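**Student:** Here you go, sequence then predicted model.
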Amino acid sequence: MSLERVLACLDANLDQSVERLKDLIRIPSISTDPAYADACRKAAQWLADDLSGLGFSASLRDTPGHPMVVAHHDGAGPDAPHVLFYGHYDVQPVDPLELWTSDPFEATVVTGPDGSRRITGRGSADDKGQLMTFVEACRAFIAETGTLPCRVTIFLEGEEESGSPSLIPFLDAHRDELAADIALVCDTNMWDRDTPAIATGLRGLVGEEVIIHAASMDLHSGYYGGAAANPIHVLARILADLHDADGRVTLPGFYDGVAELPDEVRNLWNALDFSEADFLGTAGLSVPAGEKGRSVLEQVWARPTAEVNGIEGGYTGKGFKTVIAAQARAKVSFRLVFDQDPAAVRASFRAFVTERLPADCRVEFHEHGGSGAIQLPFDSPVLATARQALGDEWPKPAVMIGMGGSIPVVGEFKRRLGVSSLLIGFGLGDDRIHSPNEKYEMTSFHKGQRSWARLLDLMGRQGA
């Protein structure tokens, strides 16, 4: 059976794959610092050369910033499923350097306190180790069978850690070339060390800054107090009105497009080894503050929110100043789920604020980005295929989770390429990504390779 040969190949060549990962980690591809531009290009070229050596048609694609790497393999032929794999080769800065226990760009294999082996170094988990799990699965398939069970396009970015300024223009310019049946994104975590996870949803975002103006200048609070409109009072009342007593957002139409969680998924989430007390306790909290009647996981994975992220007005320096401010401002973000329309939410918020303005006050709005949520249908066939493949590899069945934040590239794949994404990663919560002493567990690296091999094989046989 070809899959068994591929898995055996991965097992036999684990040490060599670790050495390749170490070579890639040694390239300090810090995208946000112009001093490392040559290193970013070197990392991109390293990957393009490696993929070319496997039989991919691979090349660097220049952008106004760091280059993209695009590679194609015809796999089993034109009738085979076509997957688009995404990863990024750039890494975060290493500061503060003095907190590292070893050179961040001299990758090493060490033994952790629990006896596990781990690969250390900047980018070991985010995202060089993750992307190399897929490359190694492809390497083993080609070595054992001469081809891949699917048509594969690999797309590697060099600016993910610095805001992806070149991403959207590149996607627009190469829409046809990057089109695929499904995108595979390996930049996420497992649920725990034994339980793989598939992220089925990412919340969208609407950001708004609102400024309430009243008097033409700051006023003495004794001379004008009681007679003059106070924009801080006005803004505070409006922000307080955004939620009702049960924690629901009160904007008209806010819940349009918000579906209820299927009972099957809710039961899966309720069965997870998750402690609401521990989750809140790590932040010094104890009582869930969101919608009543919703679990914490449902609140952060599948429900929309309205949050005040900052508020400012009047005198905020040291000491005391008796003043009625001429203006007050707040920054408000809305996390969106399912089919909520970002434009409609923004319009509803602006109308909500405007309708509540008293005499002598006016409002000014500033937009701070907006994107819809990404939701893979819970009954998607490709989701069932992924759960089966992961369940065959790991000790525990794969769980479907949500993500409270956003991964911009996933939304852009959907909007610009029309491609949905499977988010399957093998990182752990303690991998210290973006922090000193970043690491990637050897089990994540090894079983991640085997997981991708199983998924490619199953997708190729099932045609999805």
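**Tutor:** Cool, the structure landed.
**Student:** For the stretch 351-464 of the chain, which residues score under the pLDDT cut-off?
**Tutor:** Across the stretch 351-464 of the chain, the stretches falling below the confidence threshold (pLDDT under 70) are 464.
**Student:** residue contacts, Trp452?
**Tutor:** 133-134, 137-138, 184, 186 (CB atoms under 8 Å, 6 or more residues apart in numbering). For every residue, glycine as well, the C-beta is placed using N, CA and C.
**Student:** List the buried residues in stretch 183-196.
**Tutor:** Neighbour counts over stretch 183-196 (16 or more other CB atoms under 10 Å) mark 183-191, 193, 195-196 as buried.
**Student:** With distance to Gln340 added, can I get the contacts of Trp452 in TSV?
**Tutor:** Formatted as TSV, the contacts of Trp452 follow (distance: CB to CB, whole Å):
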residue	distance to Gln340
Thr133	33
Phe134	32
Ala137	36
Cys138	37
Leu184	26
Cys186	27
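**Student:** Tell me which stretches of the stretch 101-250 of the chain form helices.
**Tutor:** Assigned helices in the stretch 101-250 of the chain, in chain order: 128-145, 167-173, 175-178, 231-240 (criterion: DSSP state H, counting those that start in this stretch).
**Student:** In terms of residue numbering, what are the domains of the protein?
**Tutor:** By the assignment in automatic domain parsing, the chain contains the domains 2-202+373-462, 204-258+304-371.
**Student:** Start and end of the longest one, how far apart?
**Tutor:** When the termini of domain 2-202+373-462 are compared using CA to CA, to the nearest Å, they are 15 Å apart.
**Student:** would Gln299 count as being in a strand?
**Tutor:** No: Gln299: not assigned to a strand; according to DSSP: H, G, I helix; E, B strand; the rest coil it is helix.
**Student:** Specify the local secondary structure of the residue nearest to it when sequence neighbours are not counted.
**Tutor:** Setting aside the residues directly before and after it, Gln299 is nearest to Gly290 in space (CB to CB, 6 or more residues apart in numbering), at 4.2 Å. Here Gly290 is coil, with the state taken from three-state DSSP.
**Student:** and Gly290, what is it in contact with?
**Tutor:** Contacts for Gly290 (CB under 8 Å, 6+ apart) come out as 247, 296, 299, 303, 305.
**Student:** what's the closest of those residues to Ala347?
**Tutor:** Using CB to CB, Thr305 comes nearest to Ala347 of the contacts of Gly290, at 18.0 Å.
**Student:** which residues of the stretch 51-200 of the chain fall in strands?
**Tutor:** Remark: strands assigned in the stretch 51-200 of the chain by DSSP state E, counting those that start in this stretch are 57-61, 68-73, 82-88, 108-111, 117-120, 151-157, 182-185, 197-202.
**Student:** The last one pairs with which strands, and in what direction?
**Tutor:** Pointing back at strand 197-202 there. Taking DSSP bridges as the criterion, strand 197-202 forms sheet pairs with strand 374-375 (antiparallel), strand 399-403 (parallel), strand 421-424 (antiparallel).
**Student:** that older thread, right, so the helices of the stretch 101-250 of the chain: which one is the most enclosed?
**Tutor:** With neighbours defined by mean count of other CB atoms under 10 Å, none of the helices of the stretch 101-250 of the chain is more surrounded on average than helix 128-145, at a mean of 24.
**Student:** what's the distance between that helix and the middle of its chain?
**Tutor:** A distance of 23 Å separates the C-alpha centroid of helix 128-145 from that of its chain, computed with CA atoms, centre = their mean, to the nearest Å.
**Student:** Repeat that for stretch 420-440.
**Tutor:** Its chain's C-alpha centre and that of stretch 420-440 lie 11 Å apart, by CA atoms, centre = their mean.
**Student:** Stretch 387-401 now?
**Tutor:** In terms of CA atoms, centre = their mean, the centre of stretch 387-401 is found 20 Å from the chain centre.
**Student:** Please point out which parts of that stretch sit buried.
**Tutor:** By neighbour count, and taking 16+ other CB under 10 Å as the criterion, the buried residues in stretch 387-401 are 387, 389-390, 392-394, 398-401.
**Student:** between those, which is closest to Leu251?
**Tutor:** Within the set of those, Ile401 lies nearest Leu251; the separation is 27.2 Å, counting by CB to CB.
**Student:** Disregarding residues adjacent in the polypeptide, which is nearest to that closest one?
**Tutor:** Ala197 (4.9 Å).
**Student:** mind listing what Thr188 touches?
**Tutor:** 197, 199, 403, 407, 423-425, 427.
**Student:** Make a markdown table from the residues you listed and add neighbour count to it.
**Tutor:** Conversion of the contacts of Thr188 to a markdown table gives the following (neighbours: other CB atoms under 10 Å):
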| residue | neighbour count |
| --- | --- |
| Ala197 | 23 |
| Ala199 | 23 |
| Met403 | 19 |
| Ile407 | 19 |
| Leu423 | 25 |
| Ile424 | 26 |
| Gly425 | 22 |
| Gly427 | 24 |
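**Student:** Out of those, which comes closest to His73?
**Tutor:** Using CB to CB, Ile424 is the member of these that lies nearest His73, at 19.5 Å.
**Student:** Retrieve the pLDDT associated with the closest residue to the closest one other than its chain neighbours.
**Tutor:** Among residues not flanking Ile424 along the chain, Ile198 sits closest, at 5.6 Å (CB to CB, 6+ apart). pLDDT for Ile198: 96.
**Student:** measure Ile198 to Ala80 for me?
**Tutor:** The gap separating Ile198 from Ala80 is 22 Å, by CB to CB, to the nearest Å.
**Student:** swap in Pro93?
**Tutor:** Remark: distance between Pro93 and Ala80 (CB to CB) = 41 Å.
**Student:** Next: Arg294.
**Tutor:** Summarising the geometry, the distance separating Arg294 from Ala80, computed by CB to CB, is 42 Å.
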